[in-house]
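Trainee: Please find the sequence and the predicted model below.
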Amino acid sequence: MTSAFDYKVMPDWPVLSWLAICRPGTNCVLVLHGAEVETRPGWFCEAVWDGDFEEANFDRSDLVFGSGGKCRNGNVSFVSSGATVDRLQYLERKSCTLISNSLACLIAAAGVDPDPTFRGYKNLFSSIRDGLAMFKRRVPLSSGYARLVYHKNATWDNCEMREVPKFVLARDFSSYEKYIAFLCKSLKLIAANMSSVDRRYPYEWQGTLSRGYDSPTAVALAQAAGLRSVLSFHQSRPGIKDDGLRIAEALGVDIEVIDRLSWQRSGVWEPYFISADGQGKEVFLSSARERLRRRVLVTGFGGDHVWAKKPKSLSPDLVRGDHSGLSLTEFRLHYGFINLALPFMGMNQVAEIGRISQSPAMSYWDIGGKYTRPIPRRVLEERGVARSLFGMVKTGTSMRYVVGHDPWSANGYRAYRRWIWQSPKLPANRFTRIVWLSALTTFRRLLLIGDLAPHTAGRVTRTFVRCCVFVLAKLGYEDHAFLWGIECACRSYYGDDRYLERVCQSRDNTR
């Protein structure tokens, strides 16, 4: 029976990362962790939830964002986020089971690599959009595999790891008013939790704002819980304005507008994001990295599903249209913030929420067409935001550089090309690598020409390039980008004294 944790702070690690080492037959779990993980004798966390902080009942709530571990009744529950924008991952060895909130940390601890022959890492991670019953759970490694855990608790009983569903209450969503009251009440409870005087590292709110539906709605709902400032990006695509200046003015919140592409001009940021989901689409948020420190970032990830007038699925398994937000999983551990994807609160009752959107009482806020979301529109219009200011044209801010739709940063592209040339994980044949590098350089230049060319010629060029990128993907281009990203991310988990290697890397093989 496990009764306690033994902690070892790793000062050079990302501040919110942790790794637990569970050994059968011992009554203590060793937890290696970054400097800002909250630790207590019977629990630890980098999380916020809808309850008293010191009572630490985050293992008994589905309204938890972040992760942690709790000793209860002789077992240890490792708690994942209530939103599928974060996850846990674990792997079993002969001598111990390792579990972490970082895939890079887990791989570094186990002394293994992702399987370089596997094709489809991007699709593996994006499969969470198909819901909790259908996503691909195993990440193939050079020896064995790691298991991904979303929206469940992984319970260690001193012998093996078992995945246990979260405790989810049935809530009354019979009307718009009751649903909104639930969201507002829950946010106020989370606000009290994240600012608790019992925390060593309290958090503050931070919102994001675009001209769409979801992030403005999340900001409007969180205002009553104390949110006062938001970040906005000047464009969602080149030439397409997406800043929320006028929405912020109507809501009465402070706003800072940031250049969406400023991340490309310094450093190499792609690995932080690619290592999480194989695509790294939210890399533009690295432009705001210094403004996210010790913040609970309120986002609208998942709103396109749960707030649609007619959701694509009425399953309680958190099915949604994409996997947006997942690429922040590793980056947020480095910069010390929590991703609170507000639409996931109560998402398991999407059927009831959908009935609200389709009810006669919401007809005034239904503008028709495919891009209509009555619940967000009512929330915002009742708070004084003019109808014409938001939700009129669907855009997106994601950066799709791995699949060839957007450019890499110059530094990131050079680092990736250098890795292709030097990495022992790729085929040793020099001719093969020359072909790879030539193809990458050619397609990148063609993309630039396509962006600058007249409309018709540009469209033809971009179509050709994307077909070529598709062929490259079949040959492993996207998977190699993930291998590069995870190798870079793993470097964050080795200190000079190689402590991790000594305590984790026993001679046995993963199974």
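Mentor: Yep, that arrived. Keep in mind that this is a model prediction, so the values were computed, not measured.
Trainee: Does Gly485 belong to a helix, a strand or coil?
Mentor: helix (DSSP: H, G, I helix; E, B strand; the rest coil).
Trainee: Wait, Ala361 touches Tyr176, no?
Mentor: Yes: at 6.5 Å, Ala361 and Tyr176 qualify as touching, with contact defined as Cβ atoms under 8 Å. Yep, even glycine has a C-beta here, placed from its N, CA and C like the rest.
Trainee: okay, these two: which has more neighbours?
Mentor: Between Ala361 and Tyr176, counted using other Cβ atoms under 10 Å, Tyr176 has the larger neighbour count: 19 against 12.
Trainee: Just give the nearest non-adjacent residue to that one, would you?
Mentor: Ile356 (5.2 Å; Cβ to Cβ, 6 or more residues apart in numbering).
Trainee: which residues does Cys105 contact?
Mentor: Cys105 makes contacts with 13, 17-19, 490, 492-493, as judged by Cβ atoms under 8 Å, 6 or more residues apart in numbering.
Trainee: Now the buried members of those residues.
Mentor: Buried residues within the contacts of Cys105, defined by neighbour count using 16 or more other Cβ atoms under 10 Å: 13, 17-19, 490, 492-493.
Trainee: biggest separation within the residues you listed, which pair?
Mentor: Greatest spatial distance in these: Trp18 and Cys490, 15.6 Å, computed using Cβ to Cβ.
Trainee: picking up where we left off before, filter the contacts of Cys105 down to just the ones in helices.
Mentor: Cys490 (DSSP state H).
Trainee: Switch the contacts of Cys105 over to CSV; also include pLDDT.
Mentor: Compiled in CSV, the contacts of Cys105 are given as follows (pLDDT from 0 to 100):
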residue, pLDDT
Trp13, 96
Ser17, 98
Trp18, 98
Leu19, 98
Cys490, 95
Ser492, 93
Tyr493, 93
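Trainee: with the contacts of Cys105 in mind, which one is nearest to Lys70?
Mentor: Trp18 (13.0 Å).
Trainee: What's the separation between the closest one and Thr463?
Mentor: 45 Å (Cβ to Cβ, to the nearest Å).
Trainee: distance of the spatially most central residue of the chain from Gln279?
Mentor: Closest residue to the average C-alpha location of the chain: Leu326 at 2.6 Å, with Cα atoms, centre = their mean. Distance, Leu326 to Gln279, by Cβ to Cβ: 9 Å.
Trainee: anything in contact with each of the two?
Mentor: Common neighbours of Leu326 and Gln279 (Cβ under 8 Å, 6+ apart) are 125-126.
Trainee: who touches the host helix or strand of Thr329?
Mentor: For Thr329, the host element (DSSP states H and E) is helix 328-335. Helix 328-335 has contacts (Cβ under 8 Å, 6+ apart) with 14-17, 34, 46, 85-87, 101-104, 272-273, 275-277, 282, 285-286, 289, 292-293, 297, 338-339, 489, 492.
Trainee: Average pLDDT for it, rounded please.
Mentor: Across helix 328-335, the average pLDDT comes to 97.
Trainee: burial of Ser142, as a residue count?
Mentor: 16.
Trainee: just His234 next, same as before
Mentor: His234 has 15 nearby residues by other Cβ under 10 Å.
Trainee: quick one on the thing from earlier: filter the contacts of helix 328-335 to the buried ones?
Mentor: 14-17, 34, 46, 85-87, 101-104, 272-273, 275-277, 282, 285-286, 289, 292, 297, 338-339, 489, 492.
Trainee: Out of the residues you listed, which sit inside strands?
Mentor: The strands, defined by DSSP state E, take in 46, 297, 338-339 from these.
Trainee: would you turn those into CSV with distance to Phe135?
Mentor: Converted to CSV, those look like this (distance: Cβ to Cβ, whole Å):
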residue, distance to Phe135
Glu46, 23
Leu297, 24
Ile338, 22
Asn339, 18
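Trainee: Make TSV from the residues you listed and add pLDDT to it.
Mentor: TSV is the format used below for those (pLDDT from 0 to 100):
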residue	pLDDT
Glu46	98
Leu297	98
Ile338	98
Asn339	98
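Trainee: Find the pair from those with maximum spatial separation.
Mentor: Spatially, the most separated pair among these is Glu46 and Leu297, at 13.4 Å (Cβ to Cβ).
Trainee: which stretches of the protein aren't confidently modelled?
Mentor: Within the chain, the stretches with pLDDT under 70 are 1-3, 235-242, 392, 394-397, 403-405, 427-432, 435-462, 464-466, 468-476, 495-511.
Trainee: which one's the longest strand in it?
Mentor: Per DSSP E, the chain has its longest strand at strand 64-72.
Trainee: List of residues touching that strand?
Mentor: Residues outside strand 64-72 that contact it (Cβ under 8 Å, 6+ apart) are 2-5, 16, 18, 20, 29, 31, 38, 42-50, 56, 58-59, 76-83, 86, 88, 101, 190, 296, 338-341.
Trainee: Go again with 7 Å.
Mentor: For strand 64-72, contacts defined as Cβ atoms under 7 Å, 6 or more residues apart in numbering pick out 2-4, 20, 31, 42-49, 56, 58-59, 76-83, 86, 88, 101, 338-340.
Trainee: right, and the helix or strand after that strand?
Mentor: strand 75-79.
Trainee: who does that next one pair up with?
Mentor: When pairing is defined by DSSP bridges, strand 75-79 lines up against strand 64-72 (antiparallel), strand 152-156 (antiparallel).
Trainee: What backbone torsions are found at Phe53?
Mentor: phi -60, psi -50 (degrees, to the nearest 10).
Trainee: Can you tell me which of the strands paired with strand 75-79 is packed in deepest?
Mentor: strand 64-72 (a mean of 25; mean count of other Cβ atoms under 10 Å).
Trainee: Quick one: distance of it to the chain centre.
Mentor: Distance, stretch centre to chain centre, for strand 64-72: 17 Å (Cα atoms, centre = their mean, to the nearest Å).
Trainee: May I have that strand exported as CSV, CA atoms only?
Mentor: The C-alpha coordinates for strand 64-72 follow below in CSV (Å, rounded to 0.1, in the frame of the first residue of the first chain):
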residue,chain,number,x,y,z
VAL,A,64,-9.6,20.2,-13.1
PHE,A,65,-7.1,21.7,-15.5
GLY,A,66,-3.4,20.7,-15.3
SER,A,67,-2.4,17.5,-13.5
GLY,A,68,-1.2,16.0,-10.3
GLY,A,69,-1.2,13.0,-7.9
LYS,A,70,-3.0,12.1,-4.7
CYS,A,71,-2.6,9.4,-2.1
ARG,A,72,-6.0,8.0,-1.2
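Trainee: Give me the angle between that strand and helix 328-335.
Mentor: Orientation of strand 64-72 against helix 328-335 (axes from the mean of the first three to the mean of the last three Cα atoms, to 10 degrees) gives an angle of 80 degrees.
Trainee: Let me know how buried Leu88 is, in neighbour terms.
Mentor: Count around Leu88 with other Cβ under 10 Å applied: 27.
Trainee: what is it paired to in the beta sheet?
Mentor: So, taking DSSP bridges as the rule, Leu88 has Val149 as bridge partners.
Trainee: surely it meets Ala154?
Mentor: Yes: applying Cβ atoms under 7 Å, one finds Leu88 in contact with Ala154, separated by 5.9 Å.
Trainee: Would you mind listing the residues touching both of these two?
Mentor: In contact with both Leu88 and Ala154: 78, 99, using Cβ under 7 Å, 6+ apart.
Trainee: still on that earlier bit, ok, so of the ones in strands among the buried ones among the contacts of helix 328-335, who is nearest Val379?
Mentor: The shortest approach to Val379 among those belongs to Leu297, at 19.2 Å (Cβ to Cβ).
Trainee: Which elements pack onto the strand or helix carrying Ile21?
Mentor: Remark: Ile21 resides in strand 18-22, with elements defined by DSSP H and E. If contacts are counted by 3 or more Cβ pairs under 7 Å, 6 or more residues apart in numbering; DSSP states H and E, strand 18-22 sits against strand 28-33, strand 97-100, helix 103-110.
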